[in-house]
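# Provided below for reference: sequence and predicted model.
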Amino acid sequence: MSAPARAFTARHVQLMRALFAAAAAVMITFSPDHSAAVGLSVFSGFVLATSLVLLLAVWLVFPAGERWSWLVLALLGIAAGMAAGIPAWRTEDLFFIVVIAWALATGLVELIVGLRARRAGDPAARDAITVGAFGLLLAVLLIAIPAGFVQPYAIKGAGEFELTGIILGVGMFGGYAAIIAVFLGIAGLTPKRADAAATAAAASEAAPVEQGGDR
């Protein structure tokens, strides 16, 4: 009897993360309001949903020796999402503090996970390294925005407007979400040697049982 295929795999984790990132990118892109309230609301939903997927994956996907890092990522996301989810706290300062702290922490953890996996020869290491690097890049870009930044500009026939730091910050988060959605979506839809290896390992474990039953 062949070993049953797992219903929830690392590829499903990637696809679900891509789905939530795409939803965040769409909401930011098509919202005319790039205020701190909107940015934190979208960010909160994105990181909380992603964290729930990671918590599920901790028990159903990753082996015991690799669970700690994904659990840390999930807990960091839950903490950031809960802080961003309190309406009374949704200020411009909080947006930059929470998103920068989350991007730095999770980016560093995921980068470390990827580098360790690469040393072990895991073909999925590149995905973790890339996502971690994008997280760190988001943090650097947000840190680079000057506090209180305001740049007036005018569009002929439309009027005068202001480009502010929070508009830039929320826009950069939306851009990050869009890039992550595309990258993880492609990674999740690409056949992985790791899945084949896991299937082969499960089949080899089941083989002795079958042979023993024939004796």
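Now that the structure is in, tell me what you want to look at. Source: prediction; values computed, not measured. Numbers count the residues shown, from 1 in each chain.

# quick one, what contacts M82?
By C-beta atoms under 8 Å, 6 or more residues apart in numbering, the residues touching M82 are 44, 48. Just so you know, the C-beta spots here come from the backbone N, C-alpha and C atoms, and that holds for glycine as well.

# Tell me the helix or strand right after the host helix or strand of it.
Assigned by DSSP states H and E, M82 belongs to helix 67-84. Scanning forward in sequence from helix 67-84 by DSSP H and E, the next helix or strand is helix 92-119.

# helices or strands up against that next one?
Other helices and strands packing on helix 92-119, by 3 or more C-beta pairs under 8 Å, 6 or more residues apart in numbering; DSSP states H and E, are helix 36-60, helix 67-84, helix 125-144, helix 165-189.

# residues in contact with S31?
Taking C-beta under 8 Å, 6+ apart as the criterion, S31 is in contact with 38, 42.

# Show the pLDDT at it.
Model confidence at S31, given as pLDDT, is 92.

# Backbone dihedrals for it, please?
phi -90, psi 130 (degrees, to the nearest 10).

# Could you tell me how far the helix holding M82 lies from the centre of the chain?
Averaging C-alpha positions (C-alpha atoms, centre = their mean, to the nearest Å) puts helix 67-84 11 Å from its chain's average.

# Pull out the CA atoms of that helix and give them to me as PDB.
In PDB, the C-alpha atoms belonging to helix 67-84 read as follows (Å, rounded to 0.1, in the frame of the first residue of the first chain):
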ATOM      1  CA  ARG A  67       9.500  24.300  13.600                       C
ATOM      2  CA  TRP A  68      11.000  26.900  16.000                       C
ATOM      3  CA  SER A  69      11.800  29.400  13.300                       C
ATOM      4  CA  TRP A  70       8.400  29.300  11.700                       C
ATOM      5  CA  LEU A  71       6.800  29.500  15.100                       C
ATOM      6  CA  VAL A  72       8.800  32.700  15.800                       C
ATOM      7  CA  LEU A  73       7.700  34.200  12.500                       C
ATOM      8  CA  ALA A  74       4.100  33.400  13.400                       C
ATOM      9  CA  LEU A  75       4.300  34.900  16.900                       C
ATOM     10  CA  LEU A  76       6.000  38.100  15.500                       C
ATOM     11  CA  GLY A  77       3.200  38.500  13.000                       C
ATOM     12  CA  ILE A  78       0.600  38.000  15.600                       C
ATOM     13  CA  ALA A  79       2.200  40.600  17.900                       C
ATOM     14  CA  ALA A  80       2.500  43.100  15.100                       C
ATOM     15  CA  GLY A  81      -1.000  42.400  13.800                       C
ATOM     16  CA  MET A  82      -2.600  42.900  17.200                       C
ATOM     17  CA  ALA A  83      -0.700  46.200  17.800                       C
ATOM     18  CA  ALA A  84      -1.800  47.500  14.400                       C
END
